[in-house]
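Undergrad: This is a predicted model, with the sequence first.
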Amino acid sequence: MSTTVSDFVIDRIKAWGVSRVFGYPGDGIGAFDGALGKADGSERELEYVRPTHEEIAALMATAHAKFTGEVGVCVATSSPGAFHLLNGLYDAQMDNQPVVAIVGQQGLASIGSFTQQESNLERVFADVACYVETVATPDAVGVVVDTAFRTAMLRKQPAVVVLPHDVQAMAYEAPAAEHWVSRSSDVAPSTRIVPPQDQVARFAEILNAGERVTFLVGAGARGATDLVLEAAEKTGAGIITALRGKDVVPSDVPYHTQQVGLLGSRPSLTQIKECDTIVLLGSNYPYGEYLPASGQARGVQVDIKPEQMGLRYPTELNLWGDVGATLEAVMPLLRDKQDTAWQEKLAGEMREWEAEMHRQAEVAYDDGVNPRRVIRAVNERLPEGVTVTCDAGTTADWYGHHIRLRRGMHGDMSGRLATMLAAMPYAVTAKFAFPDAPAVCTIGDGAFQMLGMNELITVKKYMAQWPNQQLVIVVMHNDDLGQVSWEMRTEDGNPMWSGSQDVESMDYAGYARLLGFEGIAVRADGEVEAAVERAFANPGVTLIDAYVSRNVPPLPPHITAEYAVNTAKSLLKGDPAELGVIKDSAKAMAAEAVERVKGALGRDLRRDCVDACPPNGRNVPRGVNNA
């Protein structure tokens with residue numbers, strides 16, 4: 001029986017189907033922490049995972065929601081601990097994940113008195129949370145907790161419950177039928193929304209009329225894989241997956257051309273440029289420049305988030321509904337198309353693209369290992385049921401270009417927030433979500449120094465409880481915040497600035513060994529395959545410290561003139577990696593059997609370089625004319 005407010009909250013969290021929370025203790029949440037300790041080992045136990053920082057707890061709660069479909073829960077003390085949750089909660093907000101944060105607060109009598117660690121937490125969390133409320137009395141705790149969970153589930157957003165320290169320890173009794181007292185329900189709401197039948201019929205009419213249909217599938221289609229494939233077979237559609245939807249469609253579907261955009265494939269670009277119908281299924285893909293030209297294609301969007309429909313492309317039909325339920329409703333109305341020429345064309349181009357990616361991975365660089373070769377080797381050895389995570393640096397490019405997830409595998413990253421911080425917390429969360437399966441974290445050295453190194457300590461703390469302890473961490477070690485360096489060059493035409501971009505080098509393999517894990521240093525291309533083979537042969541934790549080139553260009557499938565000219569401008573302004581960038585870009589482009597790349601970094605660059613030259617009259621860098 002619940003005896004205090006904290007006891008009630010623990011029981012209510014379990015009633016909402018949650019068995020694990022991610023938290024970090026502190027005096028502001030002390031009575032609740034004490035109740036968690038009292039419940040430990042009993043039938044009321046709520047598994048408590050304590051990483052090394054509150055920010056990681058929130059990122060792990062978001063990852064838990066992504067991997068399991070449950071509500072993620074994180075717990076922290078009052079300010080400043082509560083503030084540390086913000087980045088992870090924004091991750092949940094921007095990636096549409098249900099997360100409930102339970103945070104402490106100073107006693108009720110101190111509110112508004114400027115006492116130590118008393119902050120206006122409702123105001124702090126107002127922007128990130130769809131619901132934030134302070135529990136002021138024991139009678140209110142039920143409705144606040146239930147509303148937080150229900151709202152988070154329905155709106156797929158984070159919600160925040162503020163528990164003042166004194167309220168946490170107050171006696172709890174079930175509320176009576178009284179004025180102002182809510183007796184709330186702990187029953188989960190249904191989210192299986194289906195659009196009206198007339199709109200479903202119109203959806204079918206658009207699909208049946210299309211000759212070159214493309215499905216752009218996002219993470220919102222998770223759980224509907226078979227329905228997506230059935231609809232694609234009936235309509236002859238090609239499939240593109242958003243980066244966070246990469247694991248929704250198996251990689252062995254021949255007309256699944258993976259991602260589109262800077263991290264995408266050329267066959268996906270073909271789909272975008274040539275489709276006459278585009279259907280966005282559970283995706284709020286943010287890069288409008290990689291969607292069809294206005295008027296080129298008829299557009300339909302299916303999404304459970306109505307406010308995110310019709311934002312990137314002028315769709316003619318927006319269906320508010322669950323992707324799976326909506327596809328079930330439209331399926332009987334779809335005509336089987338006999339013409340598979342569109343799918344066959346895409347499958348052929350995809351085979352060519354995979355060969356091109358293989359060639360890119362074979363290019364040798366003077367300043368380190370080819371990072372593509374490392375990720376290709378990882379992909380070729382991925383075990384069944386694995387979860388693969390990546391950060392938002394250049395590792396995400398290699399993840400998009402080379403990782404192919406088969407049915408039953410999982411993959412995710414912090415998509416909308418695009419933070420470098422999430423790769424390691426996500427991988428560790430995968431070990432809790434799927435303790436019988438392996439996990440792989442691909443991460444840059446900058447991101448690893450941010451949060452990854454700390455989380456190896458969390459791994460050491462908890463790994464004994466995982467039946468499968470295999471975790472492979474691949475650190476792309478180039479002493480550079482590589483993605484930002486390339487963004488400076490290609491987006492703004494600025495040279496890479498060592499003051500902000502250099503990462504202090506260290507022995508990451510040695511650090512792993514210090515913690516009792518396997519650490520493997522890779523310093524040459526010829527060592528890559530053996531190192532990866534050795535890592536996957538180890539049933540425990542292995543860190544691969546891959547000393548990779550910092551100059552490998554994350555080339556998109558279509559090099560624009562702007563991309564080329566801005567790179568030239570950055571070099572002309574004195575990029576410290578100038579010669580390496582030129583030489584290694586040329587090597588990468590030589591591996592691509594397409595004139596479009598050579599034209600963009602040759603003709604267009606030479607034509608516009610004159611305007612980019614600074615007043616000191618420096619010449620075009622040596623090698624540009626041959627790029």
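TA: Now that the structure is in, tell me what you want to look at.
Undergrad: Not counting sequence-adjacent ones, nearest residue to L317?
TA: Among residues not flanking L317 along the chain, V300 sits closest, at 4.6 Å (C-beta to C-beta, 6 or more residues apart in numbering). To be clear about C-beta, it is placed using only N, CA and C from the backbone, and glycine gets the same treatment.
Undergrad: residues contacting the one you found?
TA: By C-beta atoms under 8 Å, 6 or more residues apart in numbering, the contact set of V300 is 203, 206-207, 277-280, 315-319.
Undergrad: In terms of helix, strand or coil, where does it fall?
TA: Per DSSP: H, G, I helix; E, B strand; the rest coil, the secondary structure class of V300 is strand.
Undergrad: do you know how far it is from A204?
TA: V300 sits 10 Å away from A204, taking C-beta to C-beta, to the nearest Å as the criterion.
Undergrad: Any figure for the gap between the spatially most central residue of the chain and A65?
TA: Compute the mean C-alpha point of the chain, and by C-alpha atoms, centre = their mean the closest residue is M413, 2.1 Å away. Going from M413 to A65 by C-beta to C-beta gives 14 Å.
Undergrad: still on that earlier bit, quickly list what the residue nearest to L317 is bridged to.
TA: Beta-bridge pairing of V300 under DSSP bridges involves V279, L317.
Undergrad: Assign A129 to helix, strand or coil.
TA: A129 - assigned by three-state DSSP - is coil.
Undergrad: Mind pulling up the pLDDT for it?
TA: In this model, A129 is scored at 98, pLDDT.
Undergrad: Roughly how far does it sit from Y290?
TA: Going from A129 to Y290 by C-beta to C-beta gives 31 Å.
Undergrad: Comparing the two, which residue is more hemmed in?
TA: Using other C-beta atoms under 10 Å as the criterion, A129 and Y290 rank with A129 on top: 25 against 22.
Undergrad: Got the phi and psi for the more buried one?
TA: Backbone dihedrals for A129, given as degrees, to the nearest 10, come out at phi -100, psi 140.
Undergrad: got the buried residues for the host helix or strand of V528?
TA: Counting by DSSP states H and E, the element that carries V528 is helix 528-537. Using 16 or more other C-beta atoms under 10 Å as the test for burial, helix 528-537 gives 528-529, 531-532, 535-536.
Undergrad: Distance to A377 and pLDDT added to the residues you listed, as TSV?
TA: Below are those laid out as TSV (distance: C-beta to C-beta, whole Å; pLDDT from 0 to 100):
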residue	distance to A377	pLDDT
V528	5	98
E529	5	98
A531	8	98
V532	4	98
A535	10	98
F536	10	98
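Undergrad: In a markdown table: those, plus distance to D40.
TA: Output for the buried residues of helix 528-537, formatted as a markdown table (distance: C-beta to C-beta, whole Å):
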| residue | distance to D40 |
| --- | --- |
| V528 | 45 |
| E529 | 45 |
| A531 | 41 |
| V532 | 39 |
| A535 | 35 |
| F536 | 35 |
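Undergrad: SS state for D336?
TA: Per three-state DSSP, D336 ends up coil.
Undergrad: mind listing what the spatially closest residue to it that is not a sequence neighbour touches?
TA: Take D336 and drop its neighbours on the chain: the residue closest to it by C-beta to C-beta, 6+ apart is K234, 5.4 Å away. Residues counted as contacts of K234 (C-beta under 8 Å, 6+ apart) are 331, 334-337.
Undergrad: Below-threshold pLDDT in the stretch 351-500 of the chain: ranges please.
TA: Counting by pLDDT under 70, the stretch 351-500 of the chain contains low-confidence ranges at 415-420, 481-500.
Undergrad: can we see that at 80?
TA: When residues are selected by pLDDT under 80, those of the stretch 351-500 of the chain lie in 415-421, 480-500.
Undergrad: E384 touches L405, doesn't it?
TA: No. E384 is beyond contact range of L405, at 11.1 Å (criterion: C-beta atoms under 8 Å).
Undergrad: So which of those two has more stuff around it?
TA: Applying other C-beta under 10 Å to E384 and L405 shows that L405 carries more neighbours, namely 22 against 10.
Undergrad: excluding its backbone neighbours, what's nearest the more buried one?
TA: Closest residue to L405 apart from its sequence neighbours, by C-beta to C-beta, 6+ apart: D247 at 4.6 Å.
Undergrad: re earlier: what subset of the contacts of K234 is buried?
TA: Among those, those classed as buried by 16+ other C-beta under 10 Å are 334, 337.
Undergrad: For the contacts of K234, give me CSV that also has distance to A355 and pLDDT.
TA: CSV is the format used below for the contacts of K234 (distance: C-beta to C-beta, whole Å; pLDDT from 0 to 100):
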residue, distance to A355, pLDDT
M331, 35, 98
L334, 34, 98
R335, 35, 97
D336, 32, 96
K337, 29, 94
